[in-house]
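mind looking at a prediction? Sequence and model below.
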Amino acid sequence: MKLLGAALLAVAGIQAAAAEDKPLWDFGLGVGAVSFADYRGADTTHVYVLPLPVFYYRGKFLKSDRKGIRGKLFSQDWIELNISANATTPVRRNAARAGMPDLRSTVEIGPSLDLHLWKSANERVTFDVRMPLRGVFTVQAPPHYIGAVFAPNASIDIKDVAGFQGWYFGALAGPLFGDHRYHDYFYTVAPQFATLQRPAYQASAGYSGAEVLVALSKRYPSFWVGAYVRHDTLAGAAFESSPLVKRDSYWAAGAGVAWIIRQSKRLVNDTDTED
């Protein structure tokens, strides 16, 4: 997730930072507040105060940083194949779904082909295109496969934004797509659950809308702070006419702070992990 425009630092300063050894892993714990809709298209929004774990891992294959947890399957200067993951929260007692089964939490995982299309001379500003394709599973025993999503996006990142050392600012934007099973899980109304206000509806595969997200974060020696704002639109989505879609656009946001409570004594030289 990332944006353009920043004061750029000298190449010598960048090279010194790149050569700095870092702990193999760091672990922190804090608190965050998030506001989001029950599901994309829902007209009910909740604010949650949640524990906020922060984990950095700088292995050769597995990475964990401000971009999330990812595994490098292969890497070149301009292309990488990574592992992408995402998740949704459960939906219970939603008025639009009254009388219908609750929605379980889901986990998404799959490969992402990432293209590094441009970076500034000092590598403070980068422009990437990511193409994650993820299978989706419900969180239950045993998990149920409920389809697949494709979420290509373009992202611009700035390190040391506006000359403020250590601050990362970024934005991403892109369309979303889902197969018929995925859309069916969230937006189909089976005949037995139809009412006068909620007619039967069968969701189909295709375009799922689009998202824009901006984020700001900084890792201090002993703690981490971050915040994000996201705008989602369902205009033109394949399931836009579902009676479970109550609005076609909405905002979500979150912020948090976490303290680093333990670090690995082992140091590694790593330039790929973004603190």
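Noted; the coordinates are in hand.

pull the contacting residues for the closest residue in space to Val34 that isn't next to it in sequence.
Leaving aside its chain neighbours, Val34 sits nearest to Gly254 (3.7 Å; criterion: CB to CB, 6 or more residues apart in numbering). No exception for glycine: its C-beta is placed from N, CA and C like everyone else's. Contact analysis of Gly254 by CB atoms under 8 Å, 6 or more residues apart in numbering lists 32-36, 227-228.

work out for me the element Gly254 sits within.
strand 249-263 (DSSP states H and E).

following that strand, which helix or strand comes up?
strand 267-269.

what is the mean pLDDT for that following strand?
Strand 267-269 comes out with an average pLDDT of 81.

which residues outside that strand are in contact with it?
19, 21-24, 58-59.

just the buried ones from those residues?
22-24, 58 (16 or more other CB atoms under 10 Å).

now do the helices in the stretch 1-150 of the chain.
11-18 (DSSP state H, counting those that start in this stretch).

any weak-confidence spans in it?
1-20, 60-76 (pLDDT under 70).

how about a cut-off of 80?
1-21, 55-77 (pLDDT under 80).

now do the strands in it.
21-23, 25-37, 45-58, 62-65, 68-75, 79-88, 106-119, 125-138, 145-150 (DSSP state E, counting those that start in this stretch).

which one, of the ones you listed, ends up nearest to Lys265?
Nearest to Lys265, of all these, is strand 21-23, at 7.4 Å by CB to CB.

tell me which strands the closest one pairs with, and in which orientation.
Taking DSSP bridges as the criterion, strand 21-23 forms sheet pairs with strand 267-269 (antiparallel).

now the strand it pairs with, how far from the centre of its chain.
Distance of strand 267-269 from its chain centroid, counting by CA atoms, centre = their mean, to the nearest Å, is 27 Å.

now stretch 129-137
11 Å.

and the contacts of that stretch?
84-86, 106-115, 117, 143-155, 172, 182, 185.

go again with 7 Å.
Stretch 129-137 is contacted by residues 84, 86, 106-115, 117, 143-155, 182 when judged by CB atoms under 7 Å, 6 or more residues apart in numbering.

just stretch 85-95 next, same as before
By CB under 7 Å, 6+ apart, the surrounding residues in contact with stretch 85-95 are 38-39, 42, 44, 68-69, 97, 102-109, 134.

can you give me the buried ones in it?
In stretch 85-95, the ones that count as buried by 16+ other CB under 10 Å are 85, 88-89, 91, 94.

how about stretch 48-59?
Quick answer for stretch 48-59 (16+ other CB under 10 Å): 52, 54, 56-58.
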